[in-house]
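> need a structure here:
(2 chains)
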Amino acid sequence: NAGVTQTPKFQVLKTGQSMTLQCAQDMNHNSMYWYRQDPGMGLRLIYYSASEGTTDKGEVPNGYNVSRLNKREFSLRLESAAPSQTSVYFCASSDVGRSYGYTFGSGTRLTVV
Amino acid sequence: QKEVEQNSGPLSVPEGAIASLNCTYSDRVSQSFFWYRQYSGKSPELIMSIYSNGDKEDGRFTAQLNKASQYVSLLIRDSQPSDSATYLCAVISGNMLTFGGGTRLMVKP
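Next up is the predicted model:
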């Protein structure tokens, strides 16, 4: 039982390059999320998908796009990377419901130079 | 104003002591509250959830909720060096989970 799988684990980009972070979950969860974590800032929500076919902006969506490919997969794309996007990115999933206990992936450490 | 506030620490306690971690939140209609533990370089893992006023115990962990004061806390009894980590408070606000900045706990042998 893998839970939430993120790829890649590490990435270095040059300013202006693009890339897609992949996320897949095998828990049959309806909702999926992308967060970024910066020192002293905690986890901040970039985008989320409450269910297959829907996506919504979170707290810090600028510079990112997302695709909910199917119920299992939710990708995050950086079209033109900037140094300000250097961060650790976490994907998470949950069932809609009162518990809202999120399961997180292992994270992607992204550096933009 | 950040919606979920935590003291960043570090909070240092000796092994065997009780560690007390605190969190305040601004959204009065929040109904669900969570504590996550995050070891350095790892992803957050859920350790406690609480929905009603009062205390909820799970092993060495006790979560406390006071909705009138908009305050949630986590007590760790018999603290161990392996409890050294950052503890994140999280609150359902609107339709999503909002995190505090986390409190770094250091348990010294």
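> just for chain B, where's the confidence low?
Along chain B, segments meeting pLDDT under 70 span B:1-2.
> Show me the strands in it, by range?
Secondary structure of chain B (DSSP state E): strands located at B:4-5, B:11-14, B:19-25, B:33-38, B:45-50, B:54-58, B:61-66, B:71-76, B:85-93, B:96-99, B:103-108.
> Of the ones you listed, which is nearest A:S31?
strand B:96-99 (8.9 Å; CB to CB). Heads up, the C-betas are built off the backbone N, CA and C, glycines and all.
> so what strands line up beside the closest one?
Strand B:96-99 pairs in its sheet with strand B:85-93 (antiparallel), by DSSP bridges.
> Residues contacting the strand it pairs with, please?
Counting by CB atoms under 8 Å, 6 or more residues apart in numbering or on different chains, strand B:85-93 makes contact with A:42-43, A:100, A:102, B:3-4, B:6, B:21, B:23, B:25, B:27, B:30-40, B:44, B:72, B:74, B:97-100, B:102-105, all of which sit outside it.
> Got a ChimeraX select line for the buried ones in the residues you listed?
To isolate the buried ones among the contacts of strand B:85-93 in ChimeraX, judged by 16 or more other CB atoms under 10 Å in any protein chain shown, type:
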select /A:42,43,100,102 /B:3,4,6,21,23,25,30,32,33,34,35,36,37,38,44,72,74,97,98,99,100,102,103,104,105
